[in-house]
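J.: Predicted model, plus sequence, below.
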Amino acid sequence: MKHLITLTLVLAFGMLNTQSNFNKGMDKAFELWNANKINEAENLFERIANAEKDNWLPHYYIVQINSIKSWNEKDETVLKAQLDKAQSHLDTAMSLSEDNPELLVMQGQIYTNWVAFDGRTYGMKYAAKVSELYNKAYELAPKNPRVVMCKADWAMGSARYFGQDPTPYCKELESSLELFETFEVESKYHPNWGEMRAKEALKQCKA
């Protein structure tokens, strides 16, 4: 009995220590990101991902960072390297967390990166897939503000591209803002972005 108690305490301490290291690493990575040291943050997320084999979150932020870096990238070689890296980590994250609406949204973001870079080349390839991803994410999590916002934002952009009225999607953006106010994230490390983008997109409805 005494040996069992000792083993239990050792295992519990080990789990707490592992969790503590994860928390410290994630806190530091976000600190670097907030200080605009994006490459250093990405490198730290990679080290955390290598240590936390079963956790999708550090992979998620590597994906997000590479997607963000790609929005204004003009060099296709650089863009491809960044988005290939993002896709690789997203594939790993999806293998760890199936049917995760946050990851479906991020896949939509990667495809949108390609479309934004060259709509003529990548629009036909990815546009329908983006819509499908957001629709699936919405089926899984209709109260997730990022899902609602990205779905509406994409639909508005598509409507403008085809010369259609984008205003029907304004109500969805307003709905996403309401959801941002009430949505409870699972932890401080889970995705919690998008409110600012929703407000920016909504301004176009009132322009």
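T.: All right, it came through fine.
J.: Next one: the residue nearest to the spatial centre of the chain from Arg47, what distance?
T.: Centroid-nearest residue in the chain: Met106, 4.3 Å away (criterion: CA atoms, centre = their mean). Taking CB to CB, to the nearest Å as the criterion, Met106 is separated from Arg47 by 20 Å. Bear in mind the C-beta positions are built from the backbone N, C-alpha and C, glycine included.
J.: next one: Val63
T.: Remark: distance between Val63 and Arg47 (CB to CB) = 16 Å.
J.: neighbour count winner among the two?
T.: More crowded of Val63 and Arg47, by other CB atoms under 10 Å: Val63, with 27 against 12.
J.: Show residues contacting the helix or strand hosting that one.
T.: Assessed by DSSP states H and E, Val63 sits inside helix 57-70. Residues outside helix 57-70 that contact it (CB atoms under 8 Å, 6 or more residues apart in numbering): 26, 29, 33, 38, 41-42, 45-46, 48-49, 52, 79, 82-83, 85-87, 89-90, 92-93, 96, 102-103, 106, 109-110, 113, 117, 189-191, 193.
J.: mind saving the C-alpha coords of that helix as CSV?
T.: What follows is helix 57-70, C-alpha atoms only, in CSV (Å, rounded to 0.1, in the frame of the first residue of the first chain):
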residue,chain,number,x,y,z
LEU,A,57,-2.5,23.9,-29.3
PRO,A,58,1.2,24.7,-30.0
HIS,A,59,0.7,23.4,-33.6
TYR,A,60,-2.3,25.6,-34.0
TYR,A,61,-0.3,28.7,-33.2
ILE,A,62,2.5,27.8,-35.5
VAL,A,63,-0.1,27.5,-38.2
GLN,A,64,-1.7,30.9,-37.3
ILE,A,65,1.7,32.7,-37.2
ASN,A,66,2.6,31.4,-40.7
SER,A,67,-0.8,32.3,-42.0
ILE,A,68,-0.5,35.8,-40.6
LYS,A,69,3.0,36.2,-42.1
SER,A,70,1.6,35.2,-45.5
